[in-house]
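Engineer: need a structure here:
(chains A, B and C)
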Amino acid sequence: MAAVAPARRRKRRSIPFGRILLLGFFLIFVLWPLYWMFNTSIKPSDDYLTVPPVWFPSAPTLVHYKAALFTYRGLDGLINSLIISLSATVLSALLGTLMAYSLARYNTGGQHLSFWVLSQRFLPPIGIVLPVFLIYRQVGLYDTHVGLIIAYTVFTLPVSVWMMFAYFRGMPKSMEEAALVDGCTRWEAFWRVAVPLAAPGIVAAAVFAFIACWTEFFFALILTSRTAFTLPTVFRAFIGFQGAQYGEAAALAIVSLVPSIALGVLAQRHLVRGLTLGAVRG
Amino acid sequence: MAEVKITGLHKRYGTFHAVRGIDLDIRDGEFTVLVGPSGCGKSTLLRTIAGLEEISEGTIEIGGEVVNDFRPRDRDVAMVFQDYALYPHMTVAKNIGFGLKARKMPKAEVETRVGEAARMLGITPLLGRFPRQLSGGQRQRVAIGRAIVRNPRIFLFDEPLSNLDAQLRDEMRGEIKRLHQDIATTMIYVTHDQIEAMTLADRIVLMRDGVIEQQGTPLDLFERPASTFVAGFLGSPRMNFLAGTLALSGSVAAIRLSDLLLPVAPGRNLDGATDGQAVLLGLRPEHMTRARGEKPAEGMFRQEATIDLLQPTGSRSYATFRLSGAPVMAELQAHDVSRPGESLPIDINMSRASIFDALSERAL
Amino acid sequence: MQTTTITRMTAAGAPPKLSRFARWADRNFKWLLVAPAVLLILALSIYPLLFSLVVSFINYDFQVPGHAFVGLKNFSRVIFDPVARWSLFLTAWLSAVSVAIEFVLGLLVALTMVRSFPGRGVIMSILIVPLFISPVIVGQAWTLLLQRPFGPTNYILTQLLGQEVTIGWMTESPWLYFSLIIADVWQWTPFMFVILLAGLTAIPPNLYEAAELDGVSAWQAFWAITVPHLGPMIMLALTFRLLDAIRMFDTIFIMTGGGPGTQTYTASYYLYTVGFTQFHLSQATAGSWLFLIFTAFVVTLLVRRLLKTEPV
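Structural biologist: Got it, this is the predicted structure:
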């Protein structure tokens, strides 16, 4: 036994060569487009079409960032994206928490209501966005911040509800019951006991709602135009690359992906729950 | 301070019938223990009294008032939960004062009361801590503190000791008993542990499958169990049950095991029993002793036994032997037997024996 | 320990009586909590759906005046449009291929990451990055890599293969499908990887130790232990991914614009063009209803089953 044990332990520690190779390739696969984009964003326009390509610019420049933010209104898009995403995130986390609590603790509407909410997550946006476009045109919400905030709230609600539903389900309910016996109404037990205890879950749900809003393109493309346009829609300007705005496109992309990646990596612990709408605890 | 009266109580969860017709009167100041195996409906019953479960049928009265439609907050009861349910985001002081704050009591009075409760429970140094920084015993005291600051009409306990280790459990059990002696408020206590039930209760309510199997003082239930279920549930080691038939001739009665005839103690009421009736003889391990002296005393039945299995606990020795072919465990003095295989005379105290009808399993 | 006698305090009694509104609110608490979310979903999801159902039966074409009832004409137009059928076919085909590749690749990477090793945390953080990037940017990034003459891909391939490579990755069939798939695979393999890794780490390691002691080979252990335990997770990952994949729009919009011609029209892209570049709104809503029914069918089939076998 004593002779066998060290050998087995060593076997467990080392990773076979094939695995290192696979992981290495995959890492390069993931990082390469990101690197090239970054490289492009700081590359002078003269370096675009050289053979061989310029792997790293000898004279990095920020002109593309300046052009992307100001000439192509990237900054306006950034500000709009911030306003809209933050507002929708707060609304979605708030309403989602309320609903999730009711579903988790009072089994409201049985399985039907929760399934109905879940099914909203899987509706193809194209089916919704056409009529919403027509309605928005009629009621004056087209190309407004409020309009997109409402749309994004609804669009992220299923995820918020289901993440929080799973969170509340995993929380013992005796503390809320103690609060009820201690003299609280249901609302007080929810607000003063359940919500503070669920705070980490609410933050995680909010992070995922924010990322979803921040990266959304389709609704913004159709429901906004010159006023409430968000950052992803600015990329329309670069399609086809008339005049070869490679650097501007890359620079805008880099600006846009920093916040969502930072938040996402910070909330990594909750990633599995976020991706599976709470179905898997992770 | 209040009495509780429960009439015709039913609780159904969909098709599952958890509580099926409970009538129960709990006197003011009484310590009542609801005990039974898991799934017997005891916790559900407690929670309906707290108002945490709606009832399907029947009435609950607290202090002479029907409270069926009262919210938990309006019932003026306090509850100590199995996991204590302390609010993890509040300090001990905030935990204890939470119920008072919900009553919009002035801050100064809340502080005085919390301080007083903490002093009585000996947890004053803990007031600034959070629940996660407390030991199991300290948590229980905080949970009790949360109740006593309000002086509620009833204390409800839902298996408060089951998360503690054995030694602490004994200690905390003592504290709860002392609490009741000191303040004499009505207390209703749920447990599955028969020792807790026996030691704490003024009255035990033993439940099974959603109905009350038997209720009474601990000694009532222990000495005069109404059924084999009650007899088997209370007492450790468990009561021995031996299948036999009743032999009646005139005023003399005996129980016939396969090759033994055990006389029933004279004066025992056997109304309604018939000769040849199949019965179960219930013998508690502590009612069998090593025989001493030439002749067995009055009401004793002496039998030579060969010990199969010996389990010494230090203070006592549990000895298993065969009585008319069936295994029987006796609780003997530590030095009565020294090893398995030994033969010795055993005196069986027939005046303490229980007799049950074999079919209905009810006591005769 | 408890040394002092506990004396009874004055009774605090029950809390103040509730106002009529508070009593009503407490009684209907669970409905009040769901009300805002439900109303919002009704207003912005269900009402538009019903509205679009109306629109799909009338003429709502910006190029044809009036709102006359036209029966099933809008539906038949879509059904008999060869581009519509092609786009549905392409949607199914692209999703199936992408999801299959993502699954295999995700599982392989997850298997390499089950056991902890130095640097695992950092690698984990890098691998999940694509999940937090807008598909628009993913499309943009791959465009930068693939588009001629700017992208370095052809140059790298030329160096590796030793012969001149001049592929129009975004313009020539079949390469443009390859480009769309690789962008999707890049973004969503981490999704599979993360979920499958969660499933793999949940398998008790003593099962493998027991198998090792029994002399079972790693391959046999994979089939006898890993696959059955991972079953529900695989089901979940495939369902979620597939339901998202069939909406594919953003990368197409950025990378190919549906072209050349209609070669890269997916269902969503087709409906978008019909509605928002040709302004046949009625025809587009009719088409989106057909697509919705198709999706609803898939959702009910897959998600209902998922709810039944809820993992973990």
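Engineer: how close does the spatially most central residue of chain A get to residue A:262?
Structural biologist: Among the residues of chain A, the one closest to the centroid is residue A:211, at 1.9 Å (CA atoms, centre = their mean). With distances taken as CB to CB, to the nearest Å, residue A:211 is found 10 Å from residue A:262. C-betas here are computed from N, CA, C, even on glycine.
Engineer: Just the element for residue 34, please.
Structural biologist: If you meant another chain, say so; for now it's chain A. Following DSSP states H and E, one finds residue A:34 within helix A:17-41.
Engineer: not what I meant, chain C
Structural biologist: Residue C:34 belongs to helix C:29-41, assigned by DSSP H and E.
Engineer: Check which helices and strands that helix is in contact with.
Structural biologist: On a contact count with 3 or more CB pairs under 8 Å, 6 or more residues apart in numbering or on different chains; DSSP states H and E, helix C:29-41 meets helix A:74-106, helix A:110-121, helix A:145-169.
Engineer: Please enumerate residues in contact with it?
Structural biologist: A:95-96, A:98-99, A:101-103, A:105-106, A:108-109, A:113, A:117, A:120, A:150, A:153-154, A:157, A:161, A:185-187, A:190, C:25 (CB atoms under 8 Å, 6 or more residues apart in numbering or on different chains).
Engineer: Buried only: go through these for me.
Structural biologist: A:95-96, A:98-99, A:101-103, A:105, A:108-109, A:113, A:117, A:120, A:150, A:153-154, A:157, A:161, A:185-186, A:190 (16 or more other CB atoms under 10 Å in any protein chain shown).
Engineer: Chain C next: which of those are close?
Structural biologist: The subset of the buried ones among the contacts of helix C:29-41 within reach of chain C, by CB under 8 Å from any CB of the partner chain, is A:95-96, A:98-99, A:101-103, A:105, A:108-109, A:113, A:117, A:120, A:150, A:153-154, A:157, A:161, A:185-186, A:190.
Engineer: Quick check, the residue nearest to the centre of chain A in contact with residue A:266.
Structural biologist: No - with contact defined as CB atoms under 8 Å, residue A:211 and residue A:266 do not form a contacting pair (10.9 Å).
Engineer: list the buried ones in the helix or strand hosting residue B:279?
Structural biologist: Element membership for residue B:279 (DSSP H and E) is strand B:278-283. Buried residues in strand B:278-283, counted by 16+ other CB under 10 Å: B:279-283.
Engineer: counting contacts, what elements does whichever strand or helix holds residue B:204 pack onto?
Structural biologist: Using DSSP H and E, residue B:204 maps to strand B:203-208. Using 3+ CB pairs under 8 Å, 6+ apart, the elements in contact with strand B:203-208 are strand B:31-35, helix B:194-200, strand B:211-216, helix B:218-223, helix B:228-233.
Engineer: circling back: restrict the contacts of helix C:29-41 to those near chain B?
Structural biologist: residue A:185.
Engineer: Near chain B, which residues of chain C are found?
Structural biologist: Counting by CB under 8 Å from any CB, chain C sits next to chain B at C:1-16, C:26.
Engineer: Please repeat the previous calculation with a cut-off of 10 Å.
Structural biologist: Within chain C, the positions near chain B by CB under 10 Å from any CB of the partner chain are C:1-18, C:23, C:26-27.
Engineer: just checking: which of those residues also lie near chain A?
Structural biologist: Within those, those near chain A by CB under 10 Å from any CB are C:12-16, C:18, C:23, C:26-27.
Engineer: Show the buried residues in these.
Structural biologist: Buried members of these, counted by 16+ other CB under 10 Å: C:12, C:14-15, C:26.
Engineer: quick one on the thing from earlier: partner strands of the strand holding residue B:279, parallel or antiparallel?
Structural biologist: Strands that pair with strand B:278-283, judged by DSSP bridges, come out as strand B:240-249 (antiparallel), strand B:354-357 (antiparallel).
Engineer: Now do the same for residue 58: helix, strand or coil?
Structural biologist: Since no chain was named, I'll use chain A. coil (DSSP: H, G, I helix; E, B strand; the rest coil).
Engineer: that's the other chain; I wanted chain B
Structural biologist: Put simply, residue B:58 is strand when judged by three-state DSSP.
Engineer: Just the pLDDT at it, thanks.
Structural biologist: On pLDDT, residue B:58 comes in at 94.
Engineer: can you tell me which residues contact it?
Structural biologist: Under the criterion of CB atoms under 10 Å, 6 or more residues apart in numbering or on different chains, the neighbours of residue B:58 are B:6-11, B:19, B:21-23, B:48, B:68.
Engineer: Just the buried subset of the residues you listed, written out for PyMOL, thanks.
Structural biologist: Buried members of the contacts of residue B:58, defined by 16+ other CB under 10 Å, are picked up in PyMOL with:
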select buried, chain B and resi 6+9+10+11+19+22+48
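Engineer: Reformat the contacts of residue B:58 as a markdown table; add pLDDT, distance to residue B:297 and secondary structure.
Structural biologist: Shown next, in a markdown table, are those (pLDDT from 0 to 100; distance: CB to CB, whole Å; DSSP: H, G, I helix; E, B strand; the rest coil):
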| residue | pLDDT | distance to residue B:297 | secondary structure |
| --- | --- | --- | --- |
| B:6 | 95 | 45 | strand |
| B:7 | 94 | 48 | strand |
| B:8 | 94 | 49 | strand |
| B:9 | 95 | 47 | strand |
| B:10 | 95 | 50 | strand |
| B:11 | 94 | 50 | strand |
| B:19 | 93 | 46 | strand |
| B:21 | 92 | 45 | strand |
| B:22 | 94 | 43 | strand |
| B:23 | 95 | 42 | strand |
| B:48 | 95 | 50 | helix |
| B:68 | 93 | 56 | coil |
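Engineer: can you pull out the helices in the stretch 101-250 of chain C?
Structural biologist: Assignment of helices within the stretch 101-250 of chain C using DSSP state H, counting those that start in this stretch yields the ranges C:120-127, C:135-146, C:153-161, C:175-201, C:205-213, C:218-221, C:227-245, C:250-255.
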